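*Asks:* okay, sequence plus prediction incoming.
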Amino acid sequence: MARIVTWSEPERSTKMADSTATKHVDAVVIGAGFAGMYMLKKLRDDLGMTTQVYERGSGVGGTWFWNRYPGARCDSESYIYCFSFDDDLLQEWNWSGKYPEQPEILEYLNHVADRFDLRSGIQFNTSVTAAHFNDDTNLWEVETDQGDRVTAKYVVTAIGCISTGQIPQIPGLDSFQGDWHHTGAWPHEGVDFAGKRVAVIGTGSSGVQSIPVIARESEHLTVFQRTPQYTIPARHENVDQEFLKEVKANYTEIMQQSKVSFAGFPVEFSEESALEVSDEERRAKFEELWELGGFRFLFQSYGDIAVDRRANDTASEFIRSKIREIVKDPDTAEKLLPRDHPFGSKRALIDTNYFDTYNRDNVDLVDIRHFPIEEITPTGLRTADGQEYEFDVIVFATGYDAMTGTFFNIDLTGRNGVALKDKWSEGPKTYLGIATTEFPNLFMITGPGSPSVLSNMPVSIEQHVEWVSDFIEYLSERDVATVDVTPEAEEEWVQHVNDVAEQTMYMLADSWYLGANIPGKPRVFMPYAGGVGVYRERCEEIASTDYPGFIQSEAKEPVLAD
Ligand code: NAP
């Protein structure tokens, strides 16, 4: 098993609530990132429900609160990586970077928290440790690590999809005399790399973003790579103010287009086939999109590169040719060439000077596919070919126990004490990625089985928050006591999620989408690959036809626990 990163902060509150007192609220929301913040606003301010949010960090922001590693920024362009629910908010916020950096996103979320007085509904420095459904009272009994005991009719998880970091279980870490950090639990005061010999393990999004910055800041950097990556230049720049003006004049349409699009971006996807154009024409298009940068290469080149292996090969080979062009040392270039999976089958990456970084004199690349890291030593690490390396700092950019890991950190039990961990032992099972059988009145924001991580997250988060809050309003108006998912609806949805995934390239890589990065995790494709627009339509159809697939039980007076 992998080591799970412990997320804690030195300033963590020592205050313990009176553990004998149980309070009651209409809803408990777990997490205060994008999802929990908006859920609080909807439930507390729009529906007038008593709502308690618990957040393990000392501030709002979720992912953007924790991921403070050098180079951390979002791959969605800033003007669409934000809430759309409030026109004034859209108009008053001015992004400075085309791809927003972590500090700017966190500043934005703090602004949102102030603007809608969200902090008053959030208890910080508090992790929910348990949530048990009580079959007698029809209430959730929620416990926190600060000693809180609270009952609630509804529990909404807003815990993020990628929020439980994993450090591979390599013997010896405790003996390491230098400093080590996981990218997702980065010290708030930053890390001074000046004059230091640094190792970065991992070349996913976090590695690809941090490696060029750490290379500049450190004396020497060694990158340990298991799987080479396809990554496209982001072409990051300051936001063009004229462009921003135009965006603001058309925000409603832009956001609407994002909501019905395939991936939550206001762009048209190409429907052209890579196989129906000449080699010259295809190469010219790839070149143009490479120069423009960002996800356009994936979305706007050829529609079939996501579903047809031969079409995909043309894009994959183009990127390999670019790596050979950029990286001067042929041996290093060779090691960087991704060959064991098609482009886009792992999370697509965009970068700033990633490949170019390997031309620096102070950067080395070590391929650990064939000779894995065998041991962390007091002074560094040793690989399976017997090579020893010495470091002052080790950076684990080794990813997350995604989609399910954070659920399993909570002792979550539903009807008759069934544990979510047991129910999902062969992979997550949900209806729409929002609810799961035997866990009544529990709603998940961007849970497994929804577009979530395959989309521009704020778009999917808003859709879920609004759908869940509309559903809760509907249930309240009808005085429904509990709502649960029918086993048939869940089975059918899980099957549909799998069927759609089978048609994509995603099944051809060992990725965290499939749980392949966590030893022992079942190989199941967890997000929904059918697209944001199609998914939204399905959700809307369900909402407008009295929520088929859900069992609404008769109202009965909830009995408050002592
Ligand atoms: P990741 O994509 O899972 O990458 C982890 C890296 O660590 C991979 O290179 C992986 O190699 C390597 N690794 C894992 N276990 C290892 C082991 N035992 N030995 C050697 N290498 C090992 O994690 P991430 O980079 O933190 O990104 C996770 C997700 O967060 C992203 O896919 C993205 O969705 C999100 N994210 C987004 C942004 C953004 O918007 N810009 C930034 C950061 C993160 P393998 O490939 O061989 O498994």
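*Replies:* Received it, and whenever you're ready, just let me know what you need.
*Asks:* report the contact partners of whichever residue of the chain sits closest to the ligand.
*Replies:* Here the residue of the chain nearest the ligand is Gly204; by C-beta to the nearest ligand atom that distance is 2.1 Å. Where you see a C-beta, it was placed from the backbone N, CA and C, and this is true even at glycine. Gly204 sits next to Gln229, Lys346, Arg347, Leu349, Ala397, Gly399, Trp512 when contact means C-beta atoms under 8 Å, 6 or more residues apart in numbering.
*Asks:* which ones among those residues come in contact with the ligand?
*Replies:* Contacts with the ligand within these, as defined by C-beta under 6 Å from any ligand atom: Arg347, Ala397, Gly399, Trp512.
*Asks:* if you look at those residues, which of them are in strands?
*Replies:* Counting by DSSP state E, no part of the ones next to the ligand among the contacts of Gly204 is found in strands.
*Asks:* pLDDT and neighbour count added to those, as TSV?
*Replies:* Shown next, in TSV, are those (pLDDT from 0 to 100; neighbours: other C-beta atoms under 10 Å):
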residue	pLDDT	neighbour count
Arg347	95	19
Ala397	98	25
Gly399	98	25
Trp512	98	24
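*Asks:* from those residues, which is closest to Tyr389?
*Replies:* Distance to Tyr389 across those (C-beta to C-beta) is lowest for Ala397, with 16.3 Å.
*Asks:* hmm, Ser206 and the closest one touching each other?
*Replies:* Yes - judged on C-beta atoms under 8 Å, Ala397 makes contact with Ser206 at a distance of 4.3 Å.
*Asks:* which neighbours do those two have in common?
*Replies:* Common neighbours of Ala397 and Ser206 (C-beta under 8 Å, 6+ apart) are Tyr69, Thr183.
*Asks:* close to the ligand: what parts of the protein are there?
*Replies:* So the chain meets the ligand at 73-75, 162, 168, 183, 201-207, 209, 226-227, 347, 368, 397-400, 453, 512, 517 (C-beta under 6 Å from any ligand atom).
*Asks:* quick revisit: need the contacts of Gly204 in a markdown table (columns: distance to Leu381).
*Replies:* Listed next are the contacts of Gly204 as a markdown table, based on distance: C-beta to C-beta, whole Å:
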| residue | distance to Leu381 |
| --- | --- |
| Gln229 | 21 |
| Lys346 | 24 |
| Arg347 | 26 |
| Leu349 | 25 |
| Ala397 | 15 |
| Gly399 | 18 |
| Trp512 | 23 |
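*Asks:* surely Leu420 is in contact with Gly414?
*Replies:* Yes - in this structure, Leu420 is within contact of Gly414 by C-beta under 8 Å, at 7.0 Å.
*Asks:* anything in contact with each of those two?
*Replies:* Common neighbours of Leu420 and Gly414 (C-beta under 8 Å, 6+ apart) are Thr436, Phe439.
*Asks:* can you list the low-confidence ranges for the stretch 151-300 of the chain?
*Replies:* Across the stretch 151-300 of the chain, nothing is flagged by pLDDT under 70.
*Asks:* just the CA trace of stretch 335-355, in CSV.
*Replies:* Extracted in CSV, the C-alpha atoms of stretch 335-355 (Å, rounded to 0.1, in the frame of the first residue of the first chain):
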residue,chain,number,x,y,z
LYS,A,335,14.1,8.7,-22.5
LEU,A,336,11.5,11.5,-22.7
LEU,A,337,9.6,10.0,-25.6
PRO,A,338,6.3,8.6,-24.5
ARG,A,339,5.7,5.3,-26.3
ASP,A,340,3.7,3.1,-24.0
HIS,A,341,0.4,4.9,-24.1
PRO,A,342,-1.4,7.1,-26.7
PHE,A,343,-1.6,10.9,-26.4
GLY,A,344,-4.6,11.9,-24.3
SER,A,345,-5.0,8.5,-22.6
LYS,A,346,-3.6,10.0,-19.4
ARG,A,347,-4.6,13.4,-18.2
ALA,A,348,-3.5,15.8,-21.0
LEU,A,349,-0.7,18.2,-19.9
ILE,A,350,0.3,21.6,-20.8
ASP,A,351,3.6,23.1,-19.7
THR,A,352,5.9,26.1,-19.6
ASN,A,353,9.5,25.1,-20.8
TYR,A,354,9.2,21.5,-19.6
PHE,A,355,11.2,19.8,-22.3
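*Asks:* may I see the buried residues of that stretch?
*Replies:* 335-338, 341-355 (16 or more other C-beta atoms under 10 Å).
*Asks:* what's the neighbour count on Leu298?
*Replies:* Neighbour count for Leu298, taken as other C-beta atoms under 10 Å: 21.
*Asks:* what residues are up against it?
*Replies:* For Leu298, the contacting residues are Ile232, Ile305, Ala306, Phe343, Gly344, Ala348, by C-beta under 8 Å, 6+ apart.
*Asks:* for Gly531, same thing?
*Replies:* Gly531 neighbours (C-beta under 8 Å, 6+ apart): Ser261, Phe262, Ala263, Pro451.
*Asks:* host element of Ile297?
*Replies:* Heads up, residue 297 is Phe, not Ile. helix 296-299 (DSSP states H and E).
*Asks:* show me what the helix or strand following that helix is packed against.
*Replies:* Next helix or strand after helix 296-299 toward the C-terminus (DSSP H and E): helix 309-326. On a contact count with 3 or more C-beta pairs under 8 Å, 6 or more residues apart in numbering; DSSP states H and E, helix 309-326 meets helix 279-292, helix 330-336, helix 354-357.
*Asks:* backbone phi and psi for the closest residue to Glu237 other than its chain neighbours, please?
*Replies:* For Glu237, ignoring the flanking residues on the chain, the nearest one in space by C-beta to C-beta, 6 or more residues apart in numbering is Lys98 at 5.3 Å. Main-chain dihedrals, Lys98, degrees, to the nearest 10: phi -60, psi -50.
*Asks:* just checking, Lys98 touches Asn238?
*Replies:* Yes - between Lys98 and Asn238 there is a contact under C-beta under 8 Å: 7.0 Å.
*Asks:* list the contacts for the nearest residue to Asp367 once chain neighbours are set aside?
*Replies:* Excluding the flanking residues, the one nearest Asp367 by C-beta to C-beta, 6+ apart is Lys335, at 4.9 Å. By C-beta under 8 Å, 6+ apart, the contact set of Lys335 is Gln225, Pro228, Leu365, Asp367.
*Asks:* of these, which pair is most distant in space?
*Replies:* Pro228 and Leu365 (9.4 Å).
*Asks:* what sits in contact with each of these two?
*Replies:* Common contacts of Pro228 and Leu365 (C-beta under 8 Å, 6+ apart): Lys335, Leu336.
*Asks:* of Lys98 and Asn238, who's got more company?
*Replies:* Lys98 (19 against 9).
*Asks:* how about the contacts made by that one?
*Replies:* For Lys98, the contact set (C-beta under 8 Å, 6+ apart) comprises Glu77, Ser78, Ala234, Arg235, His236, Glu237, Asn238, Val239, Asp240.
*Asks:* of the residues you listed, buried ones?
*Replies:* Buried, going by 16+ other C-beta under 10 Å: Glu77, Ser78, Ala234, His236, Val239, out of the contacts of Lys98.
*Asks:* now, which of these sits nearest Gln256?
*Replies:* Nearest member of these to Gln256, counting by C-beta to C-beta, is Glu77, at 16.8 Å.
*Asks:* which residue packs closest to that closest one, ignoring adjacent ones?
*Replies:* Per C-beta to C-beta, 6+ apart, closest to Glu77 is Lys98, 5.9 Å.
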